[in-house]
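Asks: The sequence and its predicted three-dimensional model are supplied below.
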Amino acid sequence: MSEHHTHRAGSTEDLDVLGIGIGPFNLSTAALLPKDAVTARFIDRKEAFDWHPGLLFRHATLQSPFLKDCVTLADPTSEYSFLNYLSRSRRLNRFVVADHPNVKRREFNDYFKWICANLDTLRFGTDVRSLDFDGRAFVAGTNRGTYRAKDVILGVGRAPFVPEGARPHLGSTVFHGSEYLLRDIDITGKRVAVIGGGQTGAEIFDDLIGDDSRLPSEVTWVTRRGNFAPFDESPFANELYVPGYTRYFHAQSRTERQRLLPQQKLSSDAILQPLLESIYRRLYETDFLQDRRLGYRMLVDRHFTRVSPAASGWLVTMEGPQGTEAIEADIVILATGFNHETPAILDQLSDRLVRDEDGQVVVNEDFSLQWDGPPDHRIFAHNMSLHTHGWIDPNFAGMAWRSGVIVNSVLGRYLYDVDVDGTTVDWGGKTTTALELPAPEPVGAGV
């Protein structure tokens with residue numbers, strides 16, 4: 001069972017592994033780390049687990065199949081699988097009969113909390129104030145004492161990205177989309193601008209237009225993309241998220257990786273097709289089937305530049321095909337994603353990290369950061385390797401597999417078979433197709 005803390009302020013605890021941050025990715029690693037093999041703690045400043053509470057819309061669904069949970073793609077027999085959660089919650093049969101095309105994010109949030117309740121290596125309410133290396137161990141100073149560890153696993157998540165032109169005006173009516181459901185805002189009769197054409201922007205726009213009892217007077221949805229594009233969820237696009245392709249991507253030159261990432265972006269950063277269909281049908285309904293029409297504008301190829309005070313509300317300025325444009329809004333919601341900068345927790349170690357020509361930290365194949373310290377003391381990191389491992393990095397698709405890779409590296413042995421699958425596509429380099437793999441063992445072998 002997870003605890004707020006058993007670590008007294010002023011005390012020191014020596015560990016094999018210290019995990020900093022308890023989001024889905026580090027929760028996956030904690031669930032896969034064998035309890036009898038290492039001493040480990042995973043700590044987080046939050047008082048309890050909660051996964052993007054500002055975006056847990058009632059109808060919001062996962063962008064990945066539920067089998068891409070915390071453990072299954074590394075250890076299908078794990079007690080921490082989503083299917084076992086359903087079974088222990090006495091709703092497995094109901095779930096199967098319901099035949100959900102996509103699992104609700106609220107249910108996956110509950111699944112994460114269930115794992116937390118069943119792991120005794122988690123400590124919430126523990127804020128890391130410093131992280132350094134003293135020559136023998138990593139030393140983390142917290143509000144509840146000191147932790148010393150041989151290896152560190154970072155899972156601190158990304159900070160919301162706020163465009164520079166909006167930062168001076170953040171407040172009750174200009175805010176990041178990740179806070180949307182946490183804000184007590186009255187949108188009725190207001191002019192609302194949503195900046196950002198990804199999944200978050202779509203979910204917020206859908207919520208703004210979905211309730212006749214609280215409709216804004218006008219909603220403007222702005223994206224710098226050429227359209228409101230759907231995810232590429234085709235099978236061959238999904239092969240970008242299998243281990244074989246990820247290893248191939250990592251082996252490519254920096255220039256080649258930079259070329260590939262924009263080509264593959266819609267496999268990760270776009271809008272679910274059912275949501276786009278729902279939005280379009282709702283706009284049709286408000287245009288033709290209701291007495292009161294909704295005022296809306298959907299602006300593509302517009303690059304947001306700044307927010308500035310207007311006589312009434314805000315002036316939102318952007319650059320478009322016809323030059324500079326501006327709209328007025330009472331509320332500005334920034335669905336502008338998250339930072340990809342080195343987390344502040346690494347500030348004291350920053351000068352010891354190896355960086356590439358772009359200043360990004362070099363990440364090894366096993367998700368450890370290259371640094372100038374002893375090779376048997378490592379800093380592993382989730383969600384810091386988009387530039388080295390591809391779009392699998394920020395997605396649930398690679399969550400369990402990456403954790404399996406990290407756990408194998410921590411243990412120094414091959415506990416999880418993280419190279420079990422080949423690919424259908426020959427990507428033109430060091431990939432293994434299904435036909436090149438050894439023949440599978442007969443069913444039941446090795447059981």
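Replies: That came through, no problem. Numbers count the residues shown, from 1 in each chain.

Asks: Please, which helix or strand holds residue 110?
Replies: helix 105-117 (DSSP states H and E).

Asks: for the stretch 251-400 of the chain, what spans make up the helices?
Replies: With DSSP state H, counting those that start in this stretch as the criterion, the stretch 251-400 of the chain has helices at 254-263, 273-288, 386-389, 399-411.

Asks: Adding mean pLDDT, mean neighbour count and distance to residue 178 as columns, could you present those helices in a markdown table?
Replies: For the C-beta atoms, the positions are set from N, CA and C on the backbone; glycine is no exception. Output for the helices of the stretch 251-400 of the chain, formatted as a markdown table (pLDDT from 0 to 100; neighbours: other CB atoms under 10 Å; distance: least, CB to CB, whole Å):
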| stretch | mean pLDDT | mean neighbour count | distance to residue 178 |
| --- | --- | --- | --- |
| helix 254-263 | 98 | 12 | 23 |
| helix 273-288 | 97 | 14 | 18 |
| helix 386-389 | 98 | 19 | 19 |
| helix 399-411 | 97 | 25 | 19 |
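
Asks: between the ones you listed, which one is nearest to residue 367?
Replies: Nearest to residue 367, of all those, is helix 399-411, at 5.5 Å by CB to CB.

Asks: How far off centre is the closest one?
Replies: From the chain centre to the centre of helix 399-411 is a distance of 17 Å (CA atoms, centre = their mean, to the nearest Å).

Asks: Dump it to PDB, keeping only the CA atoms.
Replies: Below are the C-alpha coordinates for helix 399-411, written out as PDB (Å, rounded to 0.1, in the frame of the first residue of the first chain):
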ATOM      1  CA  MET A 399       5.300   2.700 -21.300                       C
ATOM      2  CA  ALA A 400       5.600  -0.900 -20.200                       C
ATOM      3  CA  TRP A 401       8.300  -1.800 -22.700                       C
ATOM      4  CA  ARG A 402      10.500   1.200 -21.700                       C
ATOM      5  CA  SER A 403      10.000   0.300 -18.000                       C
ATOM      6  CA  GLY A 404      11.100  -3.300 -18.900                       C
ATOM      7  CA  VAL A 405      14.200  -2.000 -20.600                       C
ATOM      8  CA  ILE A 406      15.100   0.200 -17.600                       C
ATOM      9  CA  VAL A 407      14.400  -2.600 -15.000                       C
ATOM     10  CA  ASN A 408      16.600  -5.000 -17.000                       C
ATOM     11  CA  SER A 409      19.400  -2.400 -17.000                       C
ATOM     12  CA  VAL A 410      19.000  -1.700 -13.300                       C
ATOM     13  CA  LEU A 411      19.200  -5.400 -12.500                       C
END
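
Asks: can you pull the pLDDT of residue 6?
Replies: Per-residue confidence at residue 6 stands at 55 (pLDDT).

Asks: Once you drop chain neighbours, what's closest to the residue sitting nearest the centre point of the chain?
Replies: Geometric centre of the chain, nearest residue: residue 394, 4.8 Å, by CA atoms, centre = their mean. With sequence-adjacent residues excluded and distances taken as CB to CB, 6 or more residues apart in numbering, residue 394 is closest to residue 383, at 5.6 Å.

Asks: Contact partners for the one you found?
Replies: Each residue near residue 383 by CB atoms under 8 Å, 6 or more residues apart in numbering is listed here: 25, 155, 157, 158, 393, 394.

Asks: how close does the closest residue to residue 372 other than its chain neighbours get to residue 341?
Replies: Distance criterion CB to CB, 6+ apart; nearest residue to residue 372, sequence neighbours excluded, is residue 352 at 5.0 Å. Residue 352 sits 17 Å away from residue 341, going by CB to CB, to the nearest Å.

Asks: for residue 80, same thing?
Replies: Applying CB to CB to residue 80 and residue 341 gives a distance of 31 Å.

Asks: Of the two, which one has the most company?
Replies: The residue with more neighbours, out of residue 80 and residue 341, is residue 80; 22 against 12, by other CB atoms under 10 Å.

Asks: Can you classify the more buried one as helix, strand or coil?
Replies: coil (DSSP: H, G, I helix; E, B strand; the rest coil).

Asks: and the contacts of residue 383, which of them are in strands?
Replies: Among the contacts of residue 383, no member falls in strands (criterion: DSSP state E).

Asks: By neighbours, which of those wins?
Replies: Neighbour tally across the contacts of residue 383 (other CB under 10 Å): the maximum, 28 neighbours, falls on residue 25.

Asks: Please, which helix or strand holds the closest residue to residue 377 other than its chain neighbours?
Replies: Once flanking residues are discounted, residue 377 sits nearest to residue 150: 5.9 Å by CB to CB, 6+ apart. Using DSSP H and E, residue 150 sits within strand 145-154.

Asks: Pairing partners for that strand, with directions?
Replies: Partners of strand 145-154 in the sheet, by DSSP bridges, are strand 12-20 (parallel), strand 138-142 (antiparallel), strand 379-381 (parallel).

Asks: and of those strands, who's closest to residue 261?
Replies: strand 379-381 (18.3 Å).

Asks: from the chain's centre, how far out does the closest one sit?
Replies: Worked out by CA atoms, centre = their mean, strand 379-381 lies 16 Å from the chain centre.

Asks: pLDDT value on residue 230, please?
Replies: 97.

Asks: can you pull the contacts of residue 358?
Replies: Residue 358 makes contacts with 254, 387, as judged by CB under 8 Å, 6+ apart.

Asks: immediately after the helix or strand that contains residue 42, which helix or strand?
Replies: For residue 42, the element it lies in under DSSP H and E is strand 40-43. Next along the chain after strand 40-43, taking DSSP H and E as the criterion, comes helix 82-88.

Asks: Nearest to residue 13 among the helices of the stretch 251-400 of the chain would be which one?
Replies: Closest among the helices of the stretch 251-400 of the chain, using CB to CB: helix 399-411, at 17.5 Å.

Asks: Need the distance between the two termini of stretch 139-149.
Replies: 7 Å (CA to CA, to the nearest Å).

Asks: which residues touch it?
Replies: Around stretch 139-149, the neighbours that count as contacts under CB under 8 Å, 6+ apart are 5, 7-18, 20, 41, 43, 123, 125-133, 137-138, 152.

Asks: quick one: contacts for the closest residue to residue 16 other than its chain neighbours?
Replies: Among residues not flanking residue 16 along the chain, residue 38 sits closest, at 3.9 Å (CB to CB, 6+ apart). For residue 38, the contacting residues are 16, 17, 410, 411, by CB under 8 Å, 6+ apart.

Asks: let's see it at 7 Å
Replies: Under the criterion of CB atoms under 7 Å, 6 or more residues apart in numbering, the neighbours of residue 38 are 16, 17, 410.

Asks: Over to residue 408?
Replies: By CB under 7 Å, 6+ apart, the contact list for residue 408 reads 414, 415, 416, 418.

Asks: how does it look with 6 Å?
Replies: 414, 415, 416 (CB atoms under 6 Å, 6 or more residues apart in numbering).
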